[in-house]
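Chemist: Following is a predicted model, sequence given first.
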Amino acid sequence: MKILTVLLLLLPALAVHSQSAETIDSLLERDSISLADAAYILLGSADMIEPDGDSEEAFLQLQQVIPRYQGADPSAPASMADISLIGNQLFEVPPGLLMRITGSPRYAFRDARYRRIMQSSANPNDPVSGEAALRIANRYAEYVERGRPARM
């Protein structure tokens, strides 16, 4: 029932971003997604991958966009900090001072939490479920639609 509710809430976003419905369904059922899956969700939400692309192709593109992930294991679990770094870069969230200095995913997470893209109860090292990743991707898209405000 929970997955059905999430699907109904996210249906407009899924229609806008032409990712494979079967792939999205399988990602929604996962308690923890990989870096490749996170790349697929966020790049798809940012309209930066082909509609018929897959997670592996998305991860290769992510490595080109964010050099930090070059040499990273695509099957490694994605953390909230990873999702924040990827989302902040793809959706052009202005970095805070410490993020600019260090480039650390932890500070990208803090920037996203400050802007209320991330929930205040989340921790940077928490694993990301498919459902959470899709919700966060939609928050980034909403952030861009609102004109990139200091806080949402």
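Modeler: Received it, and whenever you're ready, just let me know what you need.

Chemist: Mind jotting down where the strands sit in this protein?
Modeler: For the chain, no strands are identified by DSSP state E.

Chemist: For the chain, give me the ranges with low pLDDT.
Modeler: 1-19 (pLDDT under 70).

Chemist: Tell me if I'm right that Tyr69 and Gln61 touch.
Modeler: No - using CB atoms under 8 Å as the test, Tyr69 is too far from Gln61 to be in contact (10.3 Å). In short, each C-beta sits where N, CA and C put it, glycine included.

Chemist: where exactly do the helices run in the chain?
Modeler: For the chain, applying DSSP state H gives helices covering 2-16, 21-28, 35-45, 55-65, 80-90, 97-102, 105-114, 130-145.

Chemist: closest one to Asn123 among these?
Modeler: Evaluated with CB to CB, those place helix 80-90 nearest to Asn123, the distance being 6.5 Å.

Chemist: What is the closest one packed up against?
Modeler: Under the contact definition 3 or more CB pairs under 8 Å, 6 or more residues apart in numbering; DSSP states H and E, helix 80-90 sits against helix 35-45, helix 55-65, helix 105-114, helix 130-145.

Chemist: 7 Å instead?
Modeler: helix 35-45, helix 105-114, helix 130-145 (3 or more CB pairs under 7 Å, 6 or more residues apart in numbering; DSSP states H and E).

Chemist: And the shortest one, what does it pack against?
Modeler: Helices and strands touching helix 105-114, by 3+ CB pairs under 7 Å, 6+ apart, are helix 80-90, helix 97-102.
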